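S.K.: 3D, please:
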Amino acid sequence: MKRPLEANLVAIFRLFVGLEMVALSLVPLFEYVLIGEFQFVHDPFFSLLYQSALLFVYLSIPLFQYRLQQMYLPLAIMAAVFIPSLINLNTVLESLSRGEAVDMLHVWALLPLLMIPLVPMAWQYTFRSVVTLFGGLAFLETVLVIFNAGGIRFEILDFIYATFIRMVSLLLVGFMISQLVRVQRQQRDQLRTANLRLTRQALVMEEMATVQERNRIARELHDTLAHTLSGLAVQLEAVKTLISPTEPNEVYLIVNEALSNTREGLNETRRVLKALRATPLVELGLAQALTQMAEGLGKQQNAVMEIYISNRLPLLSKPMEQTIYRIAQEALKNAVQHANARIIALDLDFQPPMLTLRIHDDGAGFDPARIDNSRRFGMEGMRERAELVGGSLSIESSHNQGTTILFKVELSE
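M.R.: Down below sits the predicted model:
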């Protein structure tokens with residue numbers, strides 16, 4: 001799985017390479033101070049100074065990362081691992097070809113150099129990748145040395161032992177880094193999840209507070225303005241009846257106009273009250289709104305409602321909740337009003353990534369190909385709602401076999 005680069009990983013890798021470059025630069029300086037000449041220049045490991053310098057430049061230019069993308073870090077790690085290993089292996093093979101003992105100083109000096117690419121390797125990738133790279137490298141070096149020496153000889157036992165110890169040390173450090181990074185990622189994911197939950201709870205609480213305030217305002221308007229206008233309309237109606245309509249005069253016209261304005265104001269107030277009062281979906285949430293609606297229809301039509309709503313429903317958008325609620329409302333009304341169903345089952349479930357709403361009744365059923373006009377618009381409306389949110393709606397029914405309506409939609413992360 002492609003994983004984006006961990007934060008500050010390249011910067012830390014560049015810092016380690018820079019420190020390696022500085023350390024390698026100090027070796028000839030110390031030689032000159034101590035013995036008066038640069039013997040390190042003739043050492044094969046002097047080429048590591050150039051390698052670390054080039055690698056430092058590579059890690060310092062953002063253009064390489066922009067162009068290479070996913071290959072940017074692996075190329076840097078491969079260079080930091082294989083170039084020192086090849087130099088070390090070449091030195092060992094040359095010593096064996098001349099019949100000389102292997103210089104173990106060079107073999108052990110490779111360990112701290114390989115620690116530098118080990119850190120970003122174990123940090124960014126899995127421990128299996130660390131085992132593959134460093135275990136495979138140690139195995140390849142050992143096989144080549146044994147093959148070049150003509151078998152396992154006494155002269156190469158120290159090299160084999162040092163290579164094995166180096167591999168074990170690298171794998172142990174790599175395992176510790178991988179475990180620490182794994183725990184860090186888990187904690188980061190848990191923190192992200194906790195923050196998301198807190199955000200959701202804050203949104204829910206804010207929405208509930210808004211709903212409660214709107215309902216409070218609606219109650220105040222109903223108890224004051226609506227009652228006042230209603231009482232005023234009654235009084236004006238009484239005054240109107242006391243005035244003879246046979247000979248309309250100015251008073252009669254004024255009272256009639258005032259009565260008309262009062263009734264218009266009362267109707268407008270009722271419209272505002274209706275708009276202010278939250279719908280069951282907003283006030284109760286999807287699960288409780290569906291349950292309340294289904295139970296209410298069941299009581300009105302004397303039908304048994306079997307309701308199952310999963311408690312693992314994800315946080316849904318408002319259009320998605322509205323779609324589910326309206327599809328269920330239309331399907332349940334059709335079941336009790338047209339199909340005369342006695343038992344109706346509503347099932348809302350979520351099996352990632354699929355959300356499923358299934359409504360089944362034991363009613364009279366119908367032929368989906370031959371639907372009367374009174375029901376056609378309802379069916380088409382449900383399909384349109386499903387398609388608007390990227391879902392699908394299927395209807396299965398036959399005479400005297402009941403009806404099943406299935407709404408399915410795939411939810412993205």
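S.K.: the strands in the protein, which residues?
M.R.: For the chain, the strands defined by DSSP state E cover 304-309, 343-351, 354-361, 392-397, 403-410.
S.K.: what stretches of the stretch 51-200 of the chain score poorly on pLDDT?
M.R.: 200 (pLDDT under 70).
S.K.: before we move on, back to that, I'd like the strands of the chain laid out as JSON lines, including distance to Ser60.
M.R.: Where you see a C-beta, it was placed from the backbone N, CA and C, and this is true even at glycine. Below are those laid out as JSON lines (distance: least, Cβ to Cβ, whole Å):
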{"stretch": "strand 304-309", "distance to Ser60": "57"}
{"stretch": "strand 343-351", "distance to Ser60": "48"}
{"stretch": "strand 354-361", "distance to Ser60": "48"}
{"stretch": "strand 392-397", "distance to Ser60": "53"}
{"stretch": "strand 403-410", "distance to Ser60": "45"}
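S.K.: do you know which of those lies nearest Ala335?
M.R.: Closest of the strands of the chain to Ala335 is strand 354-361, at 3.9 Å (criterion: Cβ to Cβ).
S.K.: still on that earlier bit, export the strands of the chain as a markdown table, with columns for mean neighbour count.
M.R.: Below are the strands of the chain laid out as a markdown table (neighbours: other Cβ atoms under 10 Å):
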| stretch | mean neighbour count |
| --- | --- |
| strand 304-309 | 14 |
| strand 343-351 | 18 |
| strand 354-361 | 20 |
| strand 392-397 | 15 |
| strand 403-410 | 19 |
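S.K.: among those, which is nearest Phe13?
M.R.: Nearest to Phe13 among these is strand 403-410; the distance by Cβ to Cβ comes to 39.9 Å.
S.K.: Direction included, what does that closest one pair up with?
M.R.: Paired strands of strand 403-410, with direction, are strand 354-361 (antiparallel), strand 392-397 (antiparallel) (DSSP bridges).
S.K.: Quick one: these as TSV, columns for distance to Thr193 and mean pLDDT too.
M.R.: Below are these laid out as TSV (distance: least, Cβ to Cβ, whole Å; pLDDT from 0 to 100):
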stretch	distance to Thr193	mean pLDDT
strand 354-361	20	94
strand 392-397	30	91
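S.K.: could you dump these to JSON lines with distance to Leu114?
M.R.: Converted to JSON lines, the strands paired with strand 403-410 look like this (distance: least, Cβ to Cβ, whole Å):
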{"stretch": "strand 354-361", "distance to Leu114": "48"}
{"stretch": "strand 392-397", "distance to Leu114": "56"}
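S.K.: Glu295 is nearest to which of those?
M.R.: By Cβ to Cβ (comparing all of those), the closest turns out to be strand 354-361, at 14.4 Å.
S.K.: Gly151: which of the strands paired with strand 403-410 is closest?
M.R.: strand 354-361 (62.2 Å).
S.K.: Quick check: nearest residue in space to Phe164, chain neighbours excluded?
M.R.: Spatial nearest neighbour of Phe164, excluding adjacent residues (Cβ to Cβ, 6 or more residues apart in numbering): Ala138 at 7.0 Å.
S.K.: count of residues packed around that neighbour?
M.R.: 20 (other Cβ atoms under 10 Å).
S.K.: same question, Leu63
M.R.: Neighbours of Leu63 (other Cβ under 10 Å): 7.
S.K.: mind checking how far Gly360 is from Gly298?
M.R.: Quick fix: residue 360 reads His, not Gly. 14 Å (Cβ to Cβ, to the nearest Å).
S.K.: With Arg326 instead?
M.R.: 18 Å.
S.K.: now do Ser169
M.R.: Counting by Cβ to Cβ, the gap from Ser169 to Gly298 is 71 Å.
S.K.: So between the two, which is more surrounded?
M.R.: Using other Cβ under 10 Å as the criterion, Ser169 and Gly298 rank with Gly298 on top: 19 against 15.
S.K.: That one reaches Ile344, doesn't it?
M.R.: Yes - under the criterion of Cβ atoms under 8 Å, Gly298 makes contact with Ile344 at 7.2 Å.
S.K.: if I look at those two, which residues touch both of them?
M.R.: Contact criterion Cβ atoms under 8 Å, 6 or more residues apart in numbering; residues shared by Gly298 and Ile344: Val304, Met305, Val336.
S.K.: partner residues bridging the second one?
M.R.: Bridge pairing for Met305 (DSSP bridges) gives the partners Ile344.
S.K.: Who are the contact partners of it?
M.R.: Counted by Cβ under 8 Å, 6+ apart, Met305 has contacts Ala294, Glu295, Leu297, Gly298, Ile344, Leu346.
S.K.: Adding distance to Glu380, write those out as TSV.
M.R.: Listed next are these as TSV, based on distance: Cβ to Cβ, whole Å:
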residue	distance to Glu380
Ala294	23
Glu295	27
Leu297	21
Gly298	26
Ile344	22
Leu346	21
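S.K.: List just the nearest of those to Ile254.
M.R.: Nearest to Ile254 out of the contacts of Met305 is Leu297 (Cβ to Cβ; 48.6 Å).
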